[in-house]
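Asker: when you get a sec, could you give me coordinates for this:
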Amino acid sequence: MTEYSFEVGVRAVVRVQASDPDAARKVVESVLGAPSSQEIKLANQNNHGIGRDATVTAVDFVQKTPAKLVADEAKLVATKRRGPRTA
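Answerer: So this is what the prediction gives:
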């Protein structure tokens with residue numbers, strides 16, 4: 001078989017519980033690593049089991065942009081407690 005390499009765009013939403021956004025942001029990169037050899041092996045077994053004649057040999061991820069905060073539960077809860085603003 002011939003080996004092929006593909007680059008794909010991936011968007012990940014990583015949910016983290018932490019004391020503040022800065023602490024949370026620092027751990028995001030740790031979960032964006034490549035899958036283990038066991039995880040790749042399992043994916044290959046599943047693919048072969050459904051008749052796909054291809055084998056994944058490696059997966060690498062590169063973080064291209066810094067983590068962007070998209071939700072802050074503490075601020076959401078505080079806003080709900082205060083109630084809606086009136087003019």
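
Asker: burial count for the residue lying closest to Gly33 once chain neighbours are set aside?
Answerer: Sequence neighbours aside, Phe61 is the residue nearest to Gly33 in space, at 6.6 Å (criterion: CB to CB, 6 or more residues apart in numbering). To be clear about C-beta, it is placed using only N, CA and C from the backbone, and glycine gets the same treatment. By other CB atoms under 10 Å, 13 other residues sit near Phe61.

Asker: pLDDT-wise, which helix or strand of this protein ranks last?
Answerer: None of the helices or strands of the chain scores lower by mean pLDDT, DSSP states H and E than helix 73-82, at a mean of 66.

Asker: and the pLDDT for Asp60?
Answerer: Asp60 is assigned 85 on the pLDDT scale.

Asker: for the residue most central in space within the chain, which non-adjacent residue is spatially closest?
Answerer: With the centre of the chain defined as its mean C-alpha position, the nearest residue by CA atoms, centre = their mean is Ala12, 3.7 Å away. Closest residue to Ala12 apart from its sequence neighbours, by CB to CB, 6+ apart: Leu32 at 6.6 Å.

Asker: so which bits of stretch 61-78 are buried?
Answerer: Ala67 (16 or more other CB atoms under 10 Å).

Asker: all helices for this structure, in order.
Answerer: Here the chain has its helices, by DSSP state H, at 21-28, 37-49, 73-82.

Asker: out of those helices, the one nearest Met1 is which?
Answerer: Proximity to Met1 (CB to CB) singles out helix 37-49 among those, at 12.4 Å.
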